[in-house]
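[1] predicted model follows, preceded by the sequence.
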Amino acid sequence: MYTLDNAPLSPDQRADLANTIASFAIENMHVDADDIDRAIRVQLGECSLKQAEEEILRKYKVDSDGQ
């Protein structure tokens, strides 16, 4: 699992991710380790946005119709 400390990100990618996490915090939205790992994998091209969305839906037991 990737973390901010071990992810092979460029300085620009790392700054973008840190800004995204900060934006979530400003909105009082919690970002957990799975969320950070998922975002890093998308940035690295290890999974697509669609795959990340499917992971989130499974995590919260929601189908693609919002049920």
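    In hand now; what should we look at?
[2] CA atoms for contacts and neighbours, from now on please.
    Will do.
[3] tell me which residue lies nearest the centroid of the chain.
    The centroid of the chain falls nearest to Ala39 when counting by CA atoms, centre = their mean (2.7 Å).
[4] secondary structure element for Asn6?
    When elements are assigned from DSSP states H and E, Asn6 belongs to no helix and no strand.
[5] where's it relative to Arg58, distance?
    Distance of Asn6 to Arg58, given as CA to CA, to the nearest Å: 26 Å.
[6] more neighbours, those two?
    Neighbour count, other CA atoms under 10 Å: between Asn6 and Arg58, Arg58 has more, with 12 against 8.
[7] ok, that one to Asp65 distance?
    12 Å.
[8] moving C-terminal from the helix ranked longest in the chain, which element do we reach first?
    As assigned by DSSP state H, the longest helix anywhere in the chain is helix 11-26. As assigned by DSSP H and E, the chain's next helix or strand after helix 11-26 is helix 33-44.
[9] the helix or strand containing Glu54 - contacts with which helices or strands?
    Glu54 is part of helix 49-59, with elements assigned from DSSP H and E. Identification of packing neighbours for helix 49-59 by 3 or more CA pairs under 8 Å, 6 or more residues apart in numbering; DSSP states H and E yields helix 33-44.
[10] quick check: chain neighbours aside, which residue is closest to Met1?
    Leaving aside its sequence neighbours, Met1 sits nearest to Asp37 (CA to CA, 6 or more residues apart in numbering; 6.0 Å).
[11] I figured that neighbour hits Asn6, correct?
    No - applying CA atoms under 8 Å as the test, Asp37 and Asn6 come out as separate, 10.3 Å apart.
[12] so where's this protein shaky on pLDDT?
    Scanning the chain for pLDDT under 70 picks out the ranges 64, 66-67.
[13] how about 90 then?
    Counting by pLDDT under 90, the chain has low-confidence residues at 60-67.
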